[in-house]
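Peer 1: Sequence and computational prediction follow.
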Amino acid sequence: MAETDPVDQLITLWSAAMPDVDTRGLSVLGRVRRIALKARAAAEPLLARHGIDGGGYDVLATLRAAPPPHRLRPTELYRALGISSGGLTARLNKLEVARMIRRPAASDDKRSVFVELSPKGRGLVEQAFREEMALQAQLLTGLADKEQWVLSTLLKKLEATMEQGAEAS
C-alpha cells in the first residue's frame, strides 16, 4: 500500500493552509468519493457495451430487484435512486424509447402510472448485472473477505449515522 495517497496530500495542504480546521472527515469521505468515482468509471464501458449509461442502468437494476412483475411507481423509483422526479423522467423517457421499460396505467388510479421492466430491459439488465458484479469482485481483490466484511459493516454504520443526523436537522 502506498505510504501517501492523493487524499493524504490534500489533507496535508489543507492542514497547512487552515490548521484550525478538522480534516478527519476528508480522510474517510474523500476516499469514499474517489473510490465511488473510480468504480463508476470502470463500469461505464461495460454498460456502454450494452447500450446504456449508468443512470439508465440504475433504473433498470432497481426495477429488476423489485418483485415480479418488476414494477414500481415513479415516486418509489426516484426515492430509491436518490434523484429528483425531473431527473427520473429524463431517464424513463430514454429507456422507454429504447423499449427497456413500459409505463402502464395503474388499475386503481388511471391518472397514475407504473414503471415496469420490459422483457428486453430484463435481459439486458440481468446480463449487465452479472458483468458488473464480476467487475466489482475484481475491484475488491486487494481486500481479504474479512476486510471486505469489516469495511462494509463500517460503511453501513456510517451511512446510518449520517441519515440519523439528517433527520435530526
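Peer 2: Received it, and whenever you're ready, just let me know what you need. None of these values were measured; they are calculated from a predicted model.

Peer 1: and the gap between the residue minimising distance to the centre of the chain and Leu117?
Peer 2: The centroid of the chain falls nearest to Asp58 when counting by C-alpha atoms, centre = their mean (6.7 Å). Going from Asp58 to Leu117 by C-beta to C-beta, to the nearest Å gives 13 Å. In short, each C-beta sits where N, CA and C put it, glycine included.

Peer 1: In three-state terms, label Ala61 for me.
Peer 2: Taken by DSSP: H, G, I helix; E, B strand; the rest coil, the conformation at Ala61 corresponds to helix.

Peer 1: about what we covered before: show the pLDDT at the residue nearest to the centre of the chain.
Peer 2: At Asp58, the model reports a pLDDT of 96.

Peer 1: Next one: it from Phe129, what distance?
Peer 2: Distance of Asp58 to Phe129, given as C-beta to C-beta: 11 Å.

Peer 1: returning to that earlier point: just the buried residues of the host helix or strand of the residue nearest to the centre of the chain, please?
Peer 2: Using DSSP states H and E, Asp58 sits within helix 54-65. Within helix 54-65, the residues that count as buried by 16 or more other C-beta atoms under 10 Å are Gly55, Gly56, Tyr57, Asp58, Val59, Leu60, Ala61, Thr62, Leu63, Arg64.

Peer 1: Was I right to think the last one contacts Leu117?
Peer 2: Yes - at 5.9 Å, Arg64 and Leu117 qualify as touching, with contact defined as C-beta atoms under 8 Å.

Peer 1: Name the residues contacting each of those two.
Peer 2: Shared contacts of Arg64 and Leu117 (C-beta atoms under 8 Å, 6 or more residues apart in numbering): His70, Val125.

Peer 1: Run through the strands of this structure in chain order.
Peer 2: Along the chain, counting by DSSP state E, strands occupy 71-72, 101-102, 105-106, 109-113, 115-117.
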